[in-house]
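1. quick one: sequence and predicted model below, then my questions.
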2 protein chains.
Amino acid sequence: MNKIKELLAGIQAVDQGWMSKARERQNRLTKPPGSLGVLEEIACRTAAIQKTLAPSVDHKRIVVFAADHGVTEEGVSPYPQEVTAQMVANFLRGGAAINAFAKSAGADVVVVDIGVKSPIPAVNLADLSIQFIRKPVRQGTRNFLKELALNQQETLEAILLGYGIAEEAKRAGVNLIGLGEMGIGNTTAAAAVTAALTGLPAAKVTGRGTGADDSTLATKRSVVDQALRLHTPDPADAFSVLQTFGGLEIAGLVGVCLGAATGRIPIVIDGFIATAAAALAARMCPTTADYMFAAHLSAEPGHSALLHLIRLHPMLDLGMRLGEGTGAALAMKVIEAAVRSFADMATFESAGVSDKPEVAKGVAS
Amino acid sequence: MNKIKELLAGIQAVDQGWMSKARERQNRLTKPPGSLGVLEEIACRTAAIQKTLAPSVDHKRIVVFAADHGVTEEGVSPYPQEVTAQMVANFLRGGAAINAFAKSAGADVVVVDIGVKSPIPAVNLADLSIQFIRKPVRQGTRNFLKELALNQQETLEAILLGYGIAEEAKRAGVNLIGLGEMGIGNTTAAAAVTAALTGLPAAKVTGRGTGADDSTLATKRSVVDQALRLHTPDPADAFSVLQTFGGLEIAGLVGVCLGAATGRIPIVIDGFIATAAAALAARMCPTTADYMFAAHLSAEPGHSALLHLIRLHPMLDLGMRLGEGTGAALAMKVIEAAVRSFADMATFESAGVSDKPEVAKGVAS
């Protein structure tokens, strides 16, 4: 655990001096103050994270971790576990939603096999904007209804893999990183993490995931509830919560959050599973949340509780519940518009536009 | 008015056969059905509008009409009227928010002087993605607190100008058109239009616009209220409502809506003022609304009433209240992601991904 402490020590608070300078510039741009709504604060925070009044998010990357979950043997998902491997192949061929969303956002995609159980069908990587990293920590987690999902070493290894991917992104000049994931059964793991971190009952934080019917949903809730009573993890100990429930993709995303915050790369969280990872990272080091933007509000019931925990408001509410980083990709364009307008717009002085309210001249208000 | 009737006759309903075909394809794509939330319906509607299962929004255009309002002499805005002309120059120089947002969305921008009162500072148009059309119908509207904002001929001329711009967009291959506007005082005109169309009192639909203080807001509300009692326009007669309150930019946008619907170009509405135009177009011909997408919910209080009137749900809620087409530009990227995923994603069969719920095999559900 000394290794984790070492990583956390590298994360610094976002500079409040830059935040003030950014807000001052924001108010001189040729628009009524406040008229860009939440985009104004998004731009200011990005400027402060990057320590510049000319922030840029021109190199976007979405990291999609894929892994399997031992708990699927309890019947928590309507899809077979093989779908995780099949979808990884689909990502690599460019046929999945995240490929289309990433193209639309101008983001490259890094797909990481951090623990897929079934063999991944062979694919020739033709698209240069897609990178494949194959470093499974183990072939899926253990069934957390019976035992800990991961041991300490595996958990650490998965976090370090994610951390290294953020470091590599920093070296490549990435200035906006999105969190994505794929793993049949991972809404069950995320629900258990959410219940553990928030103290909320299983029923409040466990949803239908990819489309569970009533009976599967009842099973999921019961599994999460039993697992919480079996393990009773300490909510203050994020590492232990992660080790107890997994999954490996969540651990990888925790590592990306820690690495991106260290490298001062703004992070775009995706939906429920990615936010579980973000909340774990923020529990390890609250400062990490200052580097995060919440993309959207997922249809999963546990999502808003997690966002509340890290005090972030989602930009979008479009009823999405796919994961893969699709919500993050959409939000990247909102951040880009916010940042681009902040960096490129004329000021009242430079454009020769009146910013003096005419009416106010004669009226005391 | 025969001319208007002639235009309306060219608008056809969106093909429901294509809508069904699109929904069938949507359900075969490699994602759980419904998991892309409202984006699924956005893609299907775009496909049906374009009559293809390979829809595209790769040529986006934002049309920004600028005009002045005679009612500003009542003190309804904190900014002087000259700001309209100054902001047009700012658009042409590329220094405004819409320029940054359009660049981020990959949209070109057409700026139209349809009735700016003050001289527009000279600008060399250097950016090829910006086009300037200078066809003022008159130098701003008349003060609608005293008389009709426009006469019948002026109203028609402004609508036809917008219609022609949509026709030109069609010829240029534009497949997604966004509505933008600039005009000091135009939230007052839009509030009057909203009150007339919805029957709601002035106080419910009149907001702070660019940032009116309490006393200016009270003036605005009183002006709208008095004007409604003076003119008592027939809510069923959209042309007359438009002629009564203006503005010329709203009339131009009405024309764009009618022309785009005729040419089967999907329309992205922006905020309060653009939605007033969209609601007028939909009152003239309800089918027009089938071609429209609502970008965002503005901070202006009258906006949701207008959206309710045309039965559209906004995609984004980001507290924006700038206009210019900024919200439309953001929403264009949401539509692009929706359409691109619909057109490009693999199906379960083509990708070899299981779509058969494993659990369901043994469970009657």
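-> Good, I have the coordinates. From a predicted model like this one, the values you see are computed outputs, not experimental measurements.
2. which residues of the stretch 201-350 of chain A lie near chain B?
-> By C-beta under 8 Å from any C-beta of the partner chain, the part of the stretch 201-350 of chain A that sits against chain B consists of A:210-211, A:213-216, A:299, A:315-322, A:326, A:329-330, A:333-334, A:336-337, A:340-341, A:343-346, A:350. The C-beta positions use only the backbone N, C-alpha and C, and glycine is treated the same way.
3. list only buried entries from the residues you listed.
-> Taking 16 or more other C-beta atoms under 10 Å in any protein chain shown as the criterion, what is buried in those is A:210-211, A:216, A:299, A:315-322, A:326, A:329-330, A:333-334, A:336-337, A:340-341, A:343-346.
4. return the subset of the residues you listed lying in strands.
-> With DSSP state E as the criterion, strands contain none of these.
5. wait, residue A:77 touches residue A:213, no?
-> No: with contact defined as C-beta atoms under 8 Å, residue A:77 and residue A:213 do not form a contacting pair (11.0 Å).
6. would you check that residue A:266 makes contact with residue A:293?
-> Yes: using C-beta under 8 Å, residue A:266 is in contact with residue A:293, at 6.4 Å.
7. what residues are shared contacts of these two?
-> Counting by C-beta atoms under 8 Å, 6 or more residues apart in numbering or on different chains, the common neighbours of residue A:266 and residue A:293 are A:45, A:335.
8. just give the nearest non-adjacent residue to residue A:64, would you?
-> Nearest non-adjacent residue to residue A:64, counting by C-beta to C-beta, 6 or more residues apart in numbering or on different chains: residue A:180, 3.6 Å away.
9. tell me the secondary structure for that neighbour?
-> strand (DSSP: H, G, I helix; E, B strand; the rest coil).
10. could you report the pLDDT at it?
-> We have a pLDDT of 98 for residue A:180.
11. so what's the residue count around it?
-> 34 (other C-beta atoms under 10 Å in any protein chain shown).
12. hang on, isn't it packed against residue A:87?
-> No: Residue A:180 lies out of contact with residue A:87 (C-beta under 8 Å); the separation is 11.4 Å.
13. could you pull out the strands in the stretch 101-250 of chain A for me?
-> Using DSSP state E, counting those that start in this stretch, the strands of the stretch 101-250 of chain A run over A:107-115, A:130-134, A:176-182.
14. so is the shortest one next to chain B?
-> No: if you take C-beta under 8 Å from any C-beta as the test, strand A:130-134 misses chain B, and the best it gets is 13.5 Å.
15. name every strand pairing with that strand and say which way it goes.
-> Its sheet considered, strand A:130-134 pairs with strand A:107-115 (parallel) by DSSP bridges.
16. tilt between the partner strand and strand A:176-182?
-> Here strand A:107-115 runs at an angle of 40 degrees relative to strand A:176-182 (axes from the mean of the first three to the mean of the last three C-alpha atoms, to 10 degrees).
17. how far out from the middle of the chain is strand A:107-115?
-> Here the centre of strand A:107-115 is set off from its chain's centre by 13 Å, with C-alpha atoms, centre = their mean, to the nearest Å.
18. average model confidence for stretch A:271-291?
-> pLDDT averaged over stretch A:271-291 gives 98.
19. which residue, neighbours along the chain excluded, lies closest to residue A:135?
-> Residue A:135 sits nearest to residue A:161 (C-beta to C-beta, 6+ apart), 5.7 Å away.
20. identify the residues contacting the one you found.
-> Shown in contact with residue A:161 (C-beta under 8 Å, 6+ apart): A:112, A:114, A:135, A:137, A:252, A:255.
21. now do 7 Å
-> Shown in contact with residue A:161 (C-beta atoms under 7 Å, 6 or more residues apart in numbering or on different chains): A:114, A:135, A:137, A:252, A:255.
22. for residue A:164, grab the count of nearby residues.
-> 16.
23. separation between it and residue A:223?
-> Counting by C-beta to C-beta, to the nearest Å, the separation of residue A:164 from residue A:223 is 32 Å.
24. equivalent analysis for residue A:244, please.
-> Going from residue A:244 to residue A:223 by C-beta to C-beta gives 13 Å.
25. looks like residue A:79 contacts residue A:210 (just checking).
-> Yes: with contact defined as C-beta atoms under 7 Å, residue A:79 reaches residue A:210; the gap is 5.8 Å.
26. for the residue most central in space within chain A, what are its contacts?
-> Centroid check for chain A by C-alpha atoms, centre = their mean gives residue A:269 as the closest residue, at 2.6 Å. Contacts for residue A:269 were tallied using C-beta under 7 Å, 6+ apart; they are A:179, A:275, A:278, A:292-295, A:328.
27. how about residue A:119?
-> Going by C-beta under 7 Å, 6+ apart, residue A:119 touches residue A:85.
28. equivalent analysis for residue A:31, please.
-> B:97, B:322.
29. again, but for the one 4 residues further on
-> Residues touching residue A:35, when contacts are defined by C-beta under 7 Å, 6+ apart, comprise B:210, B:320-322.
30. hmm, 6 Å instead?
-> Contacts for residue A:35 (C-beta atoms under 6 Å, 6 or more residues apart in numbering or on different chains) come out as B:321-322.
31. SS state for it?
-> coil.
32. bridged to the closest residue to residue A:328 other than its chain neighbours, which residues?
-> If the residues on either side of it in the chain are set aside, residue A:328 comes closest to residue A:178, at 3.4 Å by C-beta to C-beta, 6+ apart. Bridge pairing for residue A:178 (DSSP bridges) gives the partners residue A:62, residue A:268.
33. give me the neighbour count for residue A:178.
-> When neighbours are counted by other C-beta under 10 Å, residue A:178 registers 34.
34. helix or strand for the closest residue to the residue nearest to the centre of chain A other than its chain neighbours, just tell me which one.
-> The spatially closest residue to residue A:269, leaving aside those adjacent along the chain, is residue A:278, at 4.7 Å (C-beta to C-beta, 6+ apart). Counting by DSSP states H and E, the element that carries residue A:278 is helix A:272-284.
35. right, and the helix or strand after that helix?
-> Toward the C-terminus, helix A:272-284 is succeeded by strand A:292-294 as the next helix or strand (DSSP H and E).
36. can you give the strand pairings for that following strand, parallel or anti for each?
-> Sheet pairing of strand A:292-294 (DSSP bridges) gives strand A:267-269 (parallel).
37. quick one: residues in contact with stretch A:88-107.
-> Stretch A:88-107 has contacts (C-beta under 6 Å, 6+ apart) with A:60-62, A:66, A:109, A:111, A:120-121, A:123, A:125, A:127, A:132, A:180, A:322, A:324-326, A:329, A:332-333, B:30-31, B:336-337, B:340-341, B:344-346, B:351, B:353.
38. could you list the residues of the stretch 51-200 of chain A in contact with chain B?
-> By C-beta under 6 Å from any C-beta of the partner chain, the residues of the stretch 51-200 of chain A that approach chain B are A:75, A:78, A:80, A:83, A:86, A:90, A:95-97, A:100-101, A:104.
39. most neighbours among those residues, which one?
-> residue A:101 (33 neighbours).
40. all helices for the stretch 201-350 of chain A, in order.
-> All helices of the stretch 201-350 of chain A, identified by DSSP state H, counting those that start in this stretch, fall at A:202-205, A:214-231, A:238-245, A:248-262, A:272-284, A:303-309, A:326-344, A:348-351.
41. related to what we said a few turns ago, anything in contact with each of residue A:180 and residue A:87?
-> If you check residue A:180 and residue A:87 against C-beta under 6 Å, 6+ apart, no residue is contacted by both.
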